[in-house]
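J.: Provide a 3D model corresponding to the input given below.
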Amino acid sequence: MVLPTQAGAAETSPIGFGAGTTGGGSASAVTVSTLDAFRSAVTGNSAKVVRVNGLISLSGQVDVGSNTTVLGVGSSSGFTGGGLRLKNVTNVVVRNLNISKPVAPSDGITVQASTKVWIDHNSFSADRDHDKDYYDGLLDINHGSDNVTVSWNTFKDHFKGSLVGHSDNNASEDTGHLKVTYHHNHFSNVYSRIPSLRFGTGHFYNNYVAGADTACHSRMGAQMLVENNVFRDTKIAVTTNRSSDVDGYANLRGNDLGGAATEISQAGTFTTPPYGYTAESASTVVASVTSGAGTGKI
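T.: So this is what the prediction gives:
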(Lines give C-alpha, C1' and ligand atoms only; values in the text may rest on other atoms or scores of the structure.)
Protein backbone atom coordinates (compact mmCIF):
# COMPACT_ATOMS: atom_id res chain seq x y z
CA MET A 1 0.00 0.00 0.00
CA VAL A 2 1.12 3.56 -0.66
CA LEU A 3 2.52 5.28 2.40
CA PRO A 4 -0.04 7.78 3.66
CA THR A 5 2.34 10.74 3.55
CA GLN A 6 2.70 10.15 -0.20
CA ALA A 7 -0.87 9.24 -0.86
CA GLY A 8 -2.14 12.72 -1.72
CA ALA A 9 -0.43 12.65 -5.07
CA ALA A 10 0.13 8.94 -5.50
CA GLU A 11 -3.28 7.32 -5.12
CA THR A 12 -4.51 6.09 -8.47
CA SER A 13 -7.43 4.14 -7.00
CA PRO A 14 -9.60 4.68 -3.95
CA ILE A 15 -8.92 3.35 -0.46
CA GLY A 16 -11.91 2.51 1.70
CA PHE A 17 -15.48 1.54 0.97
CA GLY A 18 -15.14 2.89 -2.59
CA ALA A 19 -12.24 0.56 -3.42
CA GLY A 20 -12.54 -0.97 -6.86
CA THR A 21 -14.15 2.09 -8.43
CA THR A 22 -12.51 2.73 -11.80
CA GLY A 23 -14.82 5.24 -13.52
CA GLY A 24 -14.06 5.52 -17.20
CA GLY A 25 -10.81 3.62 -16.78
CA SER A 26 -8.54 3.84 -19.80
CA ALA A 27 -11.14 5.29 -22.18
CA SER A 28 -9.84 8.10 -24.38
CA ALA A 29 -10.36 11.45 -22.69
CA VAL A 30 -12.63 14.14 -24.11
CA THR A 31 -12.01 17.75 -23.03
CA VAL A 32 -14.96 20.14 -22.72
CA SER A 33 -15.27 23.81 -21.81
CA THR A 34 -19.01 24.53 -22.11
CA LEU A 35 -22.04 23.32 -20.23
CA ASP A 36 -23.72 21.84 -23.29
CA ALA A 37 -20.59 19.93 -24.24
CA PHE A 38 -20.15 18.65 -20.70
CA ARG A 39 -23.77 17.56 -20.38
CA SER A 40 -23.51 15.62 -23.62
CA ALA A 41 -20.15 14.07 -22.75
CA VAL A 42 -21.23 12.60 -19.39
CA THR A 43 -24.53 11.13 -20.62
CA GLY A 44 -24.96 7.37 -20.90
CA ASN A 45 -23.29 4.37 -19.31
CA SER A 46 -20.41 3.60 -21.67
CA ALA A 47 -16.87 4.03 -20.31
CA LYS A 48 -15.75 7.66 -20.65
CA VAL A 49 -13.24 10.14 -19.28
CA VAL A 50 -14.36 13.78 -19.42
CA ARG A 51 -11.92 16.59 -18.70
CA VAL A 52 -13.41 19.94 -17.69
CA ASN A 53 -11.34 22.92 -18.82
CA GLY A 54 -12.35 26.20 -17.19
CA LEU A 55 -15.07 27.26 -14.78
CA ILE A 56 -18.60 26.50 -15.99
CA SER A 57 -21.63 28.26 -14.50
CA LEU A 58 -24.57 26.02 -13.66
CA SER A 59 -28.15 26.45 -12.64
CA GLY A 60 -29.25 23.19 -11.07
CA GLN A 61 -27.38 19.93 -11.54
CA VAL A 62 -26.01 17.86 -14.40
CA ASP A 63 -26.63 14.09 -14.35
CA VAL A 64 -23.52 11.94 -14.74
CA GLY A 65 -23.81 8.44 -16.22
CA SER A 66 -22.22 5.22 -15.01
CA ASN A 67 -18.62 4.24 -15.79
CA THR A 68 -17.50 7.86 -15.93
CA THR A 69 -14.45 9.79 -14.79
CA VAL A 70 -14.85 13.57 -14.51
CA LEU A 71 -11.51 15.32 -14.13
CA GLY A 72 -10.74 19.02 -13.82
CA VAL A 73 -7.88 20.49 -15.84
CA GLY A 74 -5.33 22.39 -13.73
CA SER A 75 -6.33 23.81 -10.35
CA SER A 76 -9.24 26.14 -11.17
CA SER A 77 -11.60 24.23 -13.45
CA GLY A 78 -15.05 23.10 -12.38
CA PHE A 79 -18.55 24.40 -11.71
CA THR A 80 -20.20 27.24 -9.85
CA GLY A 81 -23.83 27.91 -8.95
CA GLY A 82 -24.96 24.27 -9.09
CA GLY A 83 -23.42 20.83 -9.21
CA LEU A 84 -23.39 17.23 -10.34
CA ARG A 85 -25.91 14.48 -9.65
CA LEU A 86 -25.09 10.78 -9.65
CA LYS A 87 -28.51 9.11 -9.64
CA ASN A 88 -29.04 5.36 -10.14
CA VAL A 89 -25.51 4.94 -11.49
CA THR A 90 -22.42 2.96 -10.61
CA ASN A 91 -18.64 3.27 -10.99
CA VAL A 92 -18.08 7.04 -11.10
CA VAL A 93 -14.91 9.02 -10.29
CA VAL A 94 -14.94 12.80 -9.73
CA ARG A 95 -11.52 14.42 -9.23
CA ASN A 96 -9.77 17.78 -9.27
CA LEU A 97 -12.87 19.98 -9.67
CA ASN A 98 -13.66 23.31 -8.07
CA ILE A 99 -17.33 23.18 -7.08
CA SER A 100 -18.66 26.37 -5.53
CA LYS A 101 -21.83 28.06 -4.35
CA PRO A 102 -24.46 25.39 -5.14
CA VAL A 103 -27.66 27.39 -4.80
CA ALA A 104 -30.49 25.39 -3.16
CA PRO A 105 -32.02 23.00 -3.96
CA SER A 106 -28.84 21.84 -5.71
CA ASP A 107 -25.95 20.19 -3.89
CA GLY A 108 -22.39 20.53 -5.09
CA ILE A 109 -22.49 16.78 -5.65
CA THR A 110 -25.49 14.53 -4.94
CA VAL A 111 -24.91 10.77 -4.83
CA GLN A 112 -28.37 9.20 -4.96
CA ALA A 113 -29.18 5.48 -5.20
CA SER A 114 -25.68 4.93 -6.61
CA THR A 115 -22.74 2.63 -5.85
CA LYS A 116 -18.97 2.59 -6.28
CA VAL A 117 -18.14 6.29 -6.20
CA TRP A 118 -14.81 8.04 -5.62
CA ILE A 119 -14.84 11.78 -4.81
CA ASP A 120 -11.18 12.83 -4.68
CA HIS A 121 -9.03 15.99 -4.63
CA ASN A 122 -11.88 18.41 -5.26
CA SER A 123 -12.33 21.86 -3.71
CA PHE A 124 -15.86 22.52 -2.45
CA SER A 125 -16.85 25.98 -1.17
CA ALA A 126 -19.66 28.46 -0.70
CA ASP A 127 -19.84 31.39 1.73
CA ARG A 128 -21.29 32.11 5.16
CA ASP A 129 -22.75 35.48 4.08
CA HIS A 130 -26.20 34.10 3.24
CA ASP A 131 -28.86 32.33 5.27
CA LYS A 132 -27.93 28.72 6.04
CA ASP A 133 -30.51 27.42 3.57
CA TYR A 134 -29.46 29.64 0.65
CA TYR A 135 -26.98 27.01 -0.50
CA ASP A 136 -27.60 23.31 -0.22
CA GLY A 137 -25.07 20.64 0.78
CA LEU A 138 -21.58 20.54 -0.64
CA LEU A 139 -21.63 16.73 -0.91
CA ASP A 140 -24.76 14.72 -0.02
CA ILE A 141 -25.05 10.94 -0.24
CA ASN A 142 -28.51 9.42 0.09
CA HIS A 143 -31.24 6.99 -1.00
CA GLY A 144 -29.35 3.79 -0.26
CA SER A 145 -26.11 4.76 -2.00
CA ASP A 146 -23.19 2.53 -1.11
CA ASN A 147 -19.44 1.97 -1.33
CA VAL A 148 -18.25 5.57 -1.51
CA THR A 149 -14.82 7.04 -0.75
CA VAL A 150 -14.40 10.78 -0.15
CA SER A 151 -10.67 11.58 -0.05
CA TRP A 152 -8.28 14.54 -0.14
CA ASN A 153 -10.99 17.18 -0.71
CA THR A 154 -11.29 20.64 0.78
CA PHE A 155 -14.65 21.87 2.09
CA LYS A 156 -14.78 25.50 3.16
CA ASP A 157 -17.02 28.42 4.10
CA HIS A 158 -20.35 26.63 4.30
CA PHE A 159 -23.11 25.73 6.76
CA LYS A 160 -24.13 22.19 5.73
CA GLY A 161 -21.11 20.15 4.70
CA SER A 162 -21.86 16.52 3.90
CA LEU A 163 -25.14 14.78 4.68
CA VAL A 164 -25.28 10.98 4.41
CA GLY A 165 -28.86 9.75 4.63
CA HIS A 166 -31.39 12.49 4.00
CA SER A 167 -34.22 11.59 6.39
CA ASP A 168 -35.00 9.84 9.67
CA ASN A 169 -37.88 8.16 7.84
CA ASN A 170 -35.88 6.34 5.16
CA ALA A 171 -34.79 3.24 7.09
CA SER A 172 -36.28 0.80 4.61
CA GLU A 173 -34.05 2.06 1.80
CA ASP A 174 -30.94 3.06 3.74
CA THR A 175 -30.44 0.32 6.33
CA GLY A 176 -27.50 -1.88 5.37
CA HIS A 177 -26.24 0.70 2.87
CA LEU A 178 -24.63 4.15 3.05
CA LYS A 179 -21.13 2.76 3.64
CA VAL A 180 -18.78 5.74 3.24
CA THR A 181 -15.09 6.41 3.94
CA TYR A 182 -13.82 9.96 4.48
CA HIS A 183 -10.05 10.36 4.68
CA HIS A 184 -7.55 13.21 4.37
CA ASN A 185 -10.20 15.89 3.83
CA HIS A 186 -9.88 19.46 5.09
CA PHE A 187 -13.05 21.04 6.48
CA SER A 188 -12.50 24.75 7.13
CA ASN A 189 -15.23 27.07 8.47
CA VAL A 190 -17.94 24.48 7.82
CA TYR A 191 -20.63 24.73 10.50
CA SER A 192 -21.90 21.14 10.69
CA ARG A 193 -22.47 17.79 8.94
CA ILE A 194 -18.83 16.69 8.85
CA PRO A 195 -20.46 14.32 8.07
CA SER A 196 -23.98 13.76 9.37
CA LEU A 197 -24.69 10.04 8.99
CA ARG A 198 -28.00 8.22 9.33
CA PHE A 199 -28.43 4.42 9.23
CA GLY A 200 -25.11 3.79 7.49
CA THR A 201 -21.51 2.88 8.34
CA GLY A 202 -18.91 5.64 8.25
CA HIS A 203 -15.14 5.56 8.60
CA PHE A 204 -13.74 9.05 9.22
CA TYR A 205 -9.94 9.03 9.47
CA ASN A 206 -7.01 11.41 9.02
CA ASN A 207 -9.23 14.43 8.38
CA TYR A 208 -8.52 17.99 9.54
CA VAL A 209 -11.54 19.92 10.84
CA ALA A 210 -11.19 23.61 11.76
CA GLY A 211 -13.90 26.04 12.79
CA ALA A 212 -16.91 23.71 13.10
CA ASP A 213 -19.83 23.96 15.48
CA THR A 214 -20.77 20.25 15.28
CA ALA A 215 -18.53 17.97 13.21
CA CYS A 216 -19.17 14.19 13.11
CA HIS A 217 -22.82 13.36 13.79
CA SER A 218 -23.93 9.73 14.03
CA ARG A 219 -27.70 9.28 14.23
CA MET A 220 -30.55 6.84 13.55
CA GLY A 221 -28.45 3.82 14.48
CA ALA A 222 -25.52 4.71 12.24
CA GLN A 223 -22.10 3.25 13.08
CA MET A 224 -19.14 5.62 12.86
CA LEU A 225 -15.43 5.02 13.47
CA VAL A 226 -13.63 8.34 14.04
CA GLU A 227 -9.89 7.70 13.89
CA ASN A 228 -6.70 9.80 13.99
CA ASN A 229 -8.31 13.10 13.03
CA VAL A 230 -7.44 16.64 14.13
CA PHE A 231 -10.07 19.12 15.35
CA ARG A 232 -9.37 22.82 15.94
CA ASP A 233 -11.69 25.63 17.04
CA THR A 234 -14.55 23.12 17.08
CA LYS A 235 -17.27 22.97 19.71
CA ILE A 236 -18.48 19.36 19.32
CA ALA A 237 -16.12 16.95 17.54
CA VAL A 238 -18.45 13.94 17.64
CA THR A 239 -22.05 13.54 18.75
CA THR A 240 -24.44 10.60 18.69
CA ASN A 241 -27.50 12.17 20.29
CA ARG A 242 -28.73 15.27 18.51
CA SER A 243 -31.61 16.12 16.19
CA SER A 244 -33.00 12.61 15.60
CA ASP A 245 -35.37 10.36 17.53
CA VAL A 246 -32.80 7.55 17.62
CA ASP A 247 -29.17 7.95 18.64
CA GLY A 248 -26.24 6.72 16.60
CA TYR A 249 -23.09 4.87 17.61
CA ALA A 250 -19.47 6.02 17.53
CA ASN A 251 -16.01 4.75 18.37
CA LEU A 252 -13.14 7.20 18.76
CA ARG A 253 -9.44 6.44 18.70
CA GLY A 254 -6.24 8.38 18.19
CA ASN A 255 -7.86 11.78 17.63
CA ASP A 256 -6.47 15.19 18.55
CA LEU A 257 -9.65 16.90 19.72
CA GLY A 258 -8.01 20.26 20.33
CA GLY A 259 -10.34 20.96 23.25
CA ALA A 260 -13.52 20.01 21.41
CA ALA A 261 -16.23 18.22 23.37
CA THR A 262 -17.67 14.81 22.51
CA GLU A 263 -21.18 13.48 23.15
CA ILE A 264 -21.08 9.70 22.86
CA SER A 265 -24.26 8.10 24.16
CA GLN A 266 -23.55 4.73 22.52
CA ALA A 267 -20.25 3.07 21.70
CA GLY A 268 -20.38 1.29 18.38
CA THR A 269 -19.43 -2.14 17.13
CA PHE A 270 -17.71 -0.86 13.99
CA THR A 271 -14.05 -0.98 14.95
CA THR A 272 -12.38 -2.85 12.09
CA PRO A 273 -13.10 -1.68 8.53
CA PRO A 274 -13.39 -4.48 5.95
CA TYR A 275 -10.57 -3.12 3.77
CA GLY A 276 -6.87 -2.41 3.91
CA TYR A 277 -5.75 1.07 4.88
CA THR A 278 -3.04 2.80 6.88
CA ALA A 279 -4.07 5.61 9.21
CA GLU A 280 -1.24 8.02 9.88
CA SER A 281 -0.82 9.49 13.35
CA ALA A 282 -2.89 12.55 14.18
CA SER A 283 0.41 14.38 14.75
CA THR A 284 1.13 14.46 11.00
CA VAL A 285 -2.41 14.98 9.70
CA VAL A 286 -2.38 18.79 9.52
CA ALA A 287 0.80 18.81 7.43
CA SER A 288 -0.38 16.00 5.13
CA VAL A 289 -3.85 17.40 4.57
CA THR A 290 -2.95 21.06 4.12
CA SER A 291 -0.28 20.17 1.57
CA GLY A 292 -2.15 17.39 -0.22
CA ALA A 293 -5.90 18.13 -0.25
CA GLY A 294 -7.86 20.01 -2.90
CA THR A 295 -7.37 20.70 -6.58
CA GLY A 296 -4.05 21.03 -8.37
CA LYS A 297 -2.42 18.22 -6.36
CA ILE A 298 -2.77 15.25 -8.70
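
J.: And the helices in this protein, which stretches?
T.: 7-10, 35-41, 171-174, 285-292 (DSSP state H).

J.: Can I get those in TSV including distance to residue 218, mean pLDDT and mean neighbour count?
T.: Every residue, glycine included, has its C-beta placed from N, CA and C. Putting these into TSV (distance: least, Cβ to Cβ, whole Å; pLDDT from 0 to 100; neighbours: other Cβ atoms under 10 Å) gives the following:
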stretch	distance to residue 218	mean pLDDT	mean neighbour count
helix 7-10	26	46	17
helix 35-41	36	98	16
helix 171-174	14	98	16
helix 285-292	21	97	18
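
J.: out of those, nearest to residue 113?
T.: Nearest to residue 113, of all the helices of the chain, is helix 171-174, at 8.2 Å by Cβ to Cβ.

J.: So what's the gap between that closest one and the chain middle?
T.: Taking the mean of its C-alpha atoms, helix 171-174 sits 21 Å from the chain's own mean (Cα atoms, centre = their mean, to the nearest Å).

J.: again with stretch 131-146
T.: Counting by Cα atoms, centre = their mean, stretch 131-146 is centred 10 Å from the centre of its parent chain.

J.: how about that stretch: buried residues?
T.: By neighbour count on 16 or more other Cβ atoms under 10 Å, the buried set for stretch 131-146 is 135, 136, 137, 138, 139, 140, 141, 142, 143, 144, 145, 146.

J.: which of these lies closest to residue 242?
T.: Distances from residue 242 to these, taken by Cβ to Cβ, are shortest for residue 137, at 17.5 Å.

J.: surely that closest one meets residue 192?
T.: No: checked against Cβ atoms under 8 Å, the pair residue 137 and residue 192 is beyond contact range at 10.7 Å.

J.: what is in contact with the two at once?
T.: Common contacts of residue 137 and residue 192, defined by Cβ atoms under 8 Å, 6 or more residues apart in numbering, comprise 160, 161.

J.: returning to what we had before: which ones among the buried residues of stretch 131-146 are found in strands?
T.: 139, 140, 141, 142, 146 (DSSP state E).

J.: Which pLDDT value does the model give the fourth one?
T.: Put plainly, it is residue 142. Looking at residue 142, its pLDDT is 98.

J.: doesn't residue 107 make contact with it?
T.: No: counting by Cβ under 8 Å, residue 142 stays clear of residue 107, with 9.5 Å between them.

J.: need the buried residues of stretch 131-146 in TSV with distance to residue 41, can you?
T.: Shown next, in TSV, are those (distance: Cβ to Cβ, whole Å):
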residue	distance to residue 41
135	26
136	24
137	25
138	23
139	22
140	24
141	24
142	25
143	25
144	27
145	23
146	26
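
J.: In TSV: the ones in strands among the buried residues of stretch 131-146, plus distance to residue 85.
T.: Conversion of these to TSV gives the following (distance: Cβ to Cβ, whole Å):
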residue	distance to residue 85
139	12
140	10
141	12
142	11
146	17
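
J.: low-scoring stretches of this protein, by residue?
T.: In the predicted model, the chain carries pLDDT under 70 at residues 1-10.

J.: Between the ones in strands among the buried residues of stretch 131-146, which sits nearest residue 60?
T.: Looking across these and measuring by Cβ to Cβ, the closest to residue 60 is residue 140, at 14.7 Å.

J.: Show me the beta-bridge partners of the closest one.
T.: Beta bridges link residue 140 to residue 110, judged by DSSP bridges.

J.: dump the residue contacts of it.
T.: Contacts of residue 140 by Cβ under 8 Å, 6+ apart are 107, 109, 110, 111, 162, 163, 164, 166.

J.: Kindly report the same for residue 246.
T.: Counted by Cβ under 8 Å, 6+ apart, residue 246 has contacts 168, 219, 220, 221.

J.: one step back: mind telling me the two of the contacts of residue 140 farthest from one another?
T.: Within the contacts of residue 140, two members stand farthest from each other by Cβ to Cβ: 109 and 166, at 14.0 Å.

J.: And these two? Which one has more around it.
T.: residue 109 (30 against 18; other Cβ atoms under 10 Å).

J.: and the more buried one, how far is that from residue 95?
T.: 12 Å (Cβ to Cβ, to the nearest Å).

J.: Quickly list what's touching both of the two.
T.: Common neighbours of residue 109 and residue 95 (Cβ under 8 Å, 6+ apart) are residue 119.

J.: circling back: between the helices of the chain, which one is nearest to residue 243?
T.: helix 171-174 (16.1 Å).

J.: which residues make contact with the closest one from outside it?
T.: Counting by Cβ under 8 Å, 6+ apart, 142, 143, 144, 165, 198, 199, 200, 220 sit against helix 171-174.
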